[in-house]
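1. Quick one: sequence plus predicted model below, questions after.
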Amino acid sequence: MRKNEPFATCLRRVAMSELKLQERDVQGAQLMGVWDHFYEDSAYSPEVSTHYVNLPHVLQLKQPLELDALPTDQHSGWRWQDTQDAAVADDVHPYVRVYGQWLVENSYST
(Lines give C-alpha, C1' and ligand atoms only; values in the text may rest on other atoms or scores of the structure.)
Protein backbone atom coordinates (compact mmCIF):
# COMPACT_ATOMS: atom_id res chain seq x y z
CA MET A 1 0.00 0.00 0.00
CA ARG A 2 1.34 3.40 -0.91
CA LYS A 3 1.07 6.57 1.13
CA ASN A 4 -2.35 8.19 0.64
CA GLU A 5 -3.56 5.25 -1.46
CA PRO A 6 -7.07 4.05 -0.62
CA PHE A 7 -7.21 0.33 0.08
CA ALA A 8 -9.56 -0.44 -2.84
CA THR A 9 -7.19 1.33 -5.21
CA CYS A 10 -4.25 -0.64 -3.81
CA LEU A 11 -6.07 -3.94 -4.21
CA ARG A 12 -6.84 -3.17 -7.87
CA ARG A 13 -3.31 -1.92 -8.57
CA VAL A 14 -1.63 -4.99 -7.09
CA ALA A 15 -4.02 -7.41 -8.81
CA MET A 16 -3.45 -5.69 -12.13
CA SER A 17 0.33 -5.36 -11.88
CA GLU A 18 1.20 -8.65 -10.15
CA LEU A 19 -1.49 -10.97 -11.52
CA LYS A 20 -2.33 -9.22 -14.81
CA LEU A 21 -6.02 -9.10 -13.86
CA GLN A 22 -8.40 -6.48 -15.16
CA GLU A 23 -10.09 -4.05 -12.79
CA ARG A 24 -13.44 -5.82 -13.24
CA ASP A 25 -11.84 -9.14 -12.21
CA VAL A 26 -11.07 -7.86 -8.71
CA GLN A 27 -14.70 -7.31 -7.76
CA GLY A 28 -15.82 -9.75 -5.10
CA ALA A 29 -12.39 -10.25 -3.52
CA GLN A 30 -12.82 -11.43 0.08
CA LEU A 31 -10.40 -10.55 2.87
CA MET A 32 -8.96 -13.73 4.35
CA GLY A 33 -7.60 -12.05 7.46
CA VAL A 34 -4.56 -10.17 8.69
CA TRP A 35 -1.22 -11.93 9.05
CA ASP A 36 2.11 -10.68 10.37
CA HIS A 37 5.20 -11.89 8.53
CA PHE A 38 8.53 -11.43 10.29
CA TYR A 39 11.93 -11.89 8.64
CA GLU A 40 15.36 -11.59 10.22
CA ASP A 41 16.72 -9.78 7.15
CA SER A 42 15.40 -7.34 4.56
CA ALA A 43 15.86 -6.30 0.96
CA TYR A 44 18.14 -3.54 2.25
CA SER A 45 20.42 -5.42 4.61
CA PRO A 46 20.96 -8.89 6.06
CA GLU A 47 21.19 -7.21 9.50
CA VAL A 48 17.93 -5.25 9.28
CA SER A 49 14.75 -7.20 10.05
CA THR A 50 11.49 -6.86 8.17
CA HIS A 51 7.88 -6.94 9.33
CA TYR A 52 5.10 -7.19 6.76
CA VAL A 53 1.43 -6.92 7.58
CA ASN A 54 -0.33 -8.97 4.90
CA LEU A 55 -3.97 -8.60 3.95
CA PRO A 56 -4.51 -11.57 1.64
CA HIS A 57 -7.72 -11.89 -0.33
CA VAL A 58 -9.40 -14.81 -2.05
CA LEU A 59 -10.95 -14.32 -5.45
CA GLN A 60 -12.85 -16.76 -7.64
CA LEU A 61 -11.49 -16.30 -11.16
CA LYS A 62 -13.59 -16.85 -14.25
CA GLN A 63 -10.55 -18.21 -16.10
CA PRO A 64 -7.09 -19.42 -15.03
CA LEU A 65 -4.16 -17.04 -14.90
CA GLU A 66 -1.58 -17.37 -17.65
CA LEU A 67 1.50 -18.31 -15.63
CA ASP A 68 3.94 -17.41 -18.42
CA ALA A 69 2.58 -13.84 -18.45
CA LEU A 70 3.06 -13.23 -14.72
CA PRO A 71 5.97 -11.06 -13.58
CA THR A 72 9.15 -12.69 -12.25
CA ASP A 73 10.76 -9.70 -10.52
CA GLN A 74 9.55 -10.89 -7.09
CA HIS A 75 9.30 -14.63 -7.76
CA SER A 76 11.55 -16.98 -9.70
CA GLY A 77 8.59 -18.98 -10.94
CA TRP A 78 4.89 -19.69 -10.66
CA ARG A 79 2.95 -22.94 -10.48
CA TRP A 80 -0.57 -24.20 -9.97
CA GLN A 81 -0.96 -26.45 -6.96
CA ASP A 82 -3.92 -28.17 -5.37
CA THR A 83 -5.03 -26.15 -2.33
CA GLN A 84 -4.92 -29.10 0.06
CA ASP A 85 -1.39 -29.99 -1.10
CA ALA A 86 -0.19 -26.38 -0.79
CA ALA A 87 -1.48 -26.25 2.78
CA VAL A 88 0.99 -28.95 3.86
CA ALA A 89 3.75 -29.11 1.20
CA ASP A 90 7.33 -28.83 2.47
CA ASP A 91 8.38 -26.89 -0.65
CA VAL A 92 5.78 -24.16 -0.01
CA HIS A 93 6.89 -21.27 2.20
CA PRO A 94 5.41 -21.54 5.73
CA TYR A 95 3.66 -18.18 5.40
CA VAL A 96 2.03 -19.32 2.15
CA ARG A 97 0.96 -22.63 3.70
CA VAL A 98 -1.14 -20.63 6.18
CA TYR A 99 -3.14 -19.22 3.25
CA GLY A 100 -3.62 -22.73 1.87
CA GLN A 101 -4.82 -23.91 5.29
CA TRP A 102 -7.28 -21.01 5.48
CA LEU A 103 -8.62 -21.89 2.03
CA VAL A 104 -9.12 -25.54 3.02
CA GLU A 105 -10.78 -24.63 6.33
CA ASN A 106 -13.11 -22.19 4.57
CA SER A 107 -14.12 -24.59 1.77
CA TYR A 108 -12.15 -22.98 -1.05
CA SER A 109 -10.28 -26.18 -1.88
CA THR A 110 -9.58 -27.07 -5.50
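-> Okay, I see it.
2. Not counting residues beside it along the chain, what's closest to the residue sitting nearest the centre point of the chain?
-> By C-alpha atoms, centre = their mean, the chain has its centre lying nearest to P56, at 5.8 Å. In space, and not counting its chain neighbours, P56 is closest to M32: 4.6 Å by C-beta to C-beta, 6 or more residues apart in numbering. For the C-beta atoms, the positions are set from N, CA and C on the backbone; glycine is no exception.
3. who are the neighbours in contact with that neighbour?
-> Applying C-beta atoms under 8 Å, 6 or more residues apart in numbering to M32 gives the contacts 56-58, 99, 102-103, 106.
4. which of these tops the neighbour count?
-> Neighbour counts for the contacts of M32 peak at Y99, which has 21 neighbours (criterion: other C-beta atoms under 10 Å).
5. Next up, identify which helix or strand the residue of the chain positioned farthest from its centre is on.
-> Distance from the centre of the chain peaks at E47, with 25.7 Å (C-alpha atoms, centre = their mean). Using DSSP states H and E, E47 falls within no helix or strand.
6. gap between it and R13?
-> Separation of E47 from R13 (C-beta to C-beta, to the nearest Å) stands at 31 Å.
7. likewise N106?
-> The gap separating N106 from R13 is 26 Å, by C-beta to C-beta.
8. likewise E5?
-> Separation of E5 from R13 (C-beta to C-beta): 8 Å.
9. who has more neighbours, the two?
-> Neighbours were counted for E5 and for R13 using other C-beta under 10 Å; R13 has more, 15 against 11.
10. which stretches of this structure have low pLDDT?
-> The chain contains residues with pLDDT under 70 at 109-110.
11. go with 80
-> Scanning the chain with the threshold set as pLDDT under 80 gives 75, 109-110.
12. show me where it has helices.
-> In the chain, the segments counted as helices under DSSP state H are 7-19, 83-86, 94-105.
13. What is the distance between the first one and the centre of its chain?
-> Relative to its parent chain, helix 7-19 has a centroid offset of 11 Å by C-alpha atoms, centre = their mean, to the nearest Å.
14. Can you list the neighbours in contact with that helix?
-> Surrounding helix 7-19, the residues in contact under the criterion C-beta under 8 Å, 6+ apart are 1-2, 5, 21-23, 25-26, 29, 57, 59, 65, 70-71, 74.
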